[in-house]
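Asker: Got a predicted structure here, sequence first:
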Amino acid sequence: GATLPSSITVTNLNAGSPTWIQNTTVGANATAKSIWINNASSTSTPGHVDIFETPVYDFSTTSNITLSYYYAYAKRLATQADTFKIQYSVDCGGTWTNIIGVPTTAAMATASGSVTTTAFVPTAAKWILKTHAPALLAVLNNKPSVKLRFVFTSDKVVGRSNNIYIDQINLTG
């Protein structure tokens, strides 16, 4: 489609700034779409928090859950301290807990886009597959009301981040 699925909720805690939107020109595995934040288009994003949230999943009869996704990310400056986390909720979004094993933005940049002062647009080789094993997600087993959210926070001091992309989010179990 031309827009994100309506079941994905996007929250931009800094109105008027870049936020998670659909990219219609680049995606993982030679696809043409992904979700991204066009941070490079803004001259000031210090401490901005952007979230996209999945619908509620019913895992009441599901175990051995695996989460996988592709990411592509670059830092604007080597000292940049952006943060990225994925969180889960087992009470329909009432409370959130960080998923263990999500790479830091430093690790993401090293594996993917490195450091560049120009707007980062990933090539095929820059997309990195990340898989979270069932042992790290055992808390979600047999839960009837599970949500996930992806949270990107721009460095509070540097004030300008580069682009981040997420694609092909898969849950199996």
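Answerer: Received the coordinates, thanks.

Asker: Mind checking which residue lies nearest the centre of the protein?
Answerer: Centroid-nearest residue in the chain: Phe150, 4.4 Å away (criterion: C-alpha atoms, centre = their mean).

Asker: Just confirm it contacts Tyr165, I think it does.
Answerer: No: with contact defined as C-beta atoms under 8 Å, Phe150 does not reach Tyr165; the gap is 11.2 Å. The way it works is simple: take the backbone N, C-alpha and C, and place the C-beta from them, glycine included.

Asker: tell me the SS of the residue lying closest to Pro46 once chain neighbours are set aside?
Answerer: Using C-beta to C-beta, 6 or more residues apart in numbering and skipping the chain neighbours, the partner closest in space to Pro46 is Gly159 (3.9 Å). Assigned with DSSP: H, G, I helix; E, B strand; the rest coil, Gly159 falls in the coil class.

Asker: can you pull the contacts of Gly159?
Answerer: By C-beta atoms under 8 Å, 6 or more residues apart in numbering, the residues touching Gly159 are Ser44, Thr45, Pro46.

Asker: could you list every residue that touches the nearest residue to Thr61 once chain neighbours are set aside?
Answerer: Leaving out its chain neighbours, the residue that sits closest to Thr61 by C-beta to C-beta, 6+ apart is Asn142, at 7.1 Å. Contacts for Asn142 (C-beta under 8 Å, 6+ apart) come out as Phe59, Ser60, Thr61, Thr62, Ser63.

Asker: With Ile100 instead?
Answerer: Ile100 makes contact with Leu136 under the criterion C-beta under 8 Å, 6+ apart.

Asker: if we can go back for a sec, top of the contacts of Gly159 by neighbour count?
Answerer: Among the contacts of Gly159, the one with the most neighbours (other C-beta atoms under 10 Å) is Thr45, at 26 neighbours.

Asker: any idea how far that residue is from Thr97?
Answerer: To Thr97, Thr45 is 26 Å away according to C-beta to C-beta, to the nearest Å.

Asker: do you know how far Thr66 is from Ser112?
Answerer: Counting by C-beta to C-beta, the gap from Thr66 to Ser112 is 21 Å.
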